[in-house]
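[1] Predicted structure and sequence below. I'll ask about it afterward.
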Amino acid sequence: MLRAFFCLFVVVFSAAFKAQPIEVKVLSSINAGDKPQWDKAMQYTSHSVYAAMPLSFSTAWFIQYKHDQLFLNQNAWSSAGAIGMGVGIATGIKFLVDRPRPFVTYAGKITQRDPYVGPHSFPSGHTTAAFASATVWSLSANKWYVTVMAYSYASLVGYSRMRLGVHYPSDVLAGAFIGTGSGYLSWYLVKKWRQKQKSPLPN
């Protein structure tokens, strides 16, 4: 499994140096056509990621485990740590790869629908944050329907970045990879810390 993830990341990372015709075609298809209401919804979806996921995560755990404040706090730290780690890694890679936005490289073919973006495209920071939170949330709840809802939201965030014309598919895939990895690592470190404190996570 680890080897498969590594191979996938190498392929996606390689694609970042030069957009492949197939992903430009996919992006063009997703980005095509004016849909004002849908595009506004996609903007809200994109920019909700840094608030909606941690807030809903903390609220859900407060309701379910309000008797265990320590557990709530540690899961909040897991989520914050995952987002911080993932976005930090993604930001570093952005400057290292220095891939222009698709609406810059393919001006006239790809429409920019989010004005609040920097110059670097690879990987997607919003997608990274969404998948980092979704992973921690899924591991914490350990329920299939929570996993489905969390990753559905994260996937919608990834889609929104392409619909808005600010990221290639490979940017989104790399963000999902980094976010998921950061989520697992953050959850693992907090779990180990709690075991060290002799305060195991409840089932």
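    Sure, I can see it.

[2] what about the protein, any weak spots by pLDDT?
    Within the chain, the segments meeting pLDDT under 70 span 1-19, 52-77, 197-203.

[3] residue ranges of the strands in it, please?
    Remark: strands of the chain are absent; assignment by DSSP state E.

[4] next one: stretch 161-177 to chain centre, how far?
    10 Å (CA atoms, centre = their mean, to the nearest Å).

[5] end to end, how far does it reach?
    16 Å (CA to CA, to the nearest Å).

[6] go on, stretch 115-134?
    The first-to-last residue distance of stretch 115-134 comes to 26 Å (CA to CA).

[7] How about the contacts made by the residue nearest to residue 184 when sequence neighbours are not counted?
    Nearest non-adjacent residue to residue 184, counting by CB to CB, 6 or more residues apart in numbering: residue 135, 5.9 Å away. For glycine as for every other residue, the C-beta is placed from the backbone atoms N, C-alpha and C. Neighbour list for residue 135: 82, 150, 179, 180, 182, 183, 184, 187 [criterion: CB atoms under 8 Å, 6 or more residues apart in numbering].

[8] Same check on residue 132?
    79, 82, 83, 85, 86, 87, 178, 179, 180, 182, 183, 186.

[9] do that again at 7 Å, thanks
    Residues near residue 132 by CB atoms under 7 Å, 6 or more residues apart in numbering: 82, 83, 86, 179, 182, 183.

[10] Roughly how far does the first one sit from residue 153?
    Taking CB to CB, to the nearest Å as the measure, residue 82 falls 15 Å from residue 153.

[11] Mind checking which of those two has more residues around it?
    residue 82 (33 against 21; other CB atoms under 10 Å).

[12] close enough to count as contact, that one and residue 183?
    Yes: counting by CB atoms under 7 Å, residue 183 is a contact partner of residue 82 at 4.4 Å.

[13] which residues do those two both contact?
    Going by CB under 7 Å, 6+ apart, residues that sit against residue 82 and also against residue 183 are 132, 135, 136.

[14] who touches the last one in this structure?
    If I follow you right, that is residue 136. The neighbours of residue 136, taking CB under 7 Å, 6+ apart as the test, are 78, 79, 82, 183, 186, 187.

[15] Keep only those of the contacts of residue 132 that are in helices.
    Counted as lying in helices by DSSP state H, out of the contacts of residue 132, are 82, 83, 86, 179, 182, 183.

[16] Distance to residue 141 added to these, as JSON lines?
    JSON lines is the format used below for these (distance: CB to CB, whole Å):
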{"residue": "82", "distance to residue 141": "15"}
{"residue": "83", "distance to residue 141": "17"}
{"residue": "86", "distance to residue 141": "19"}
{"residue": "179", "distance to residue 141": "17"}
{"residue": "182", "distance to residue 141": "18"}
{"residue": "183", "distance to residue 141": "13"}
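
[17] Okay then, goodbye and thanks.
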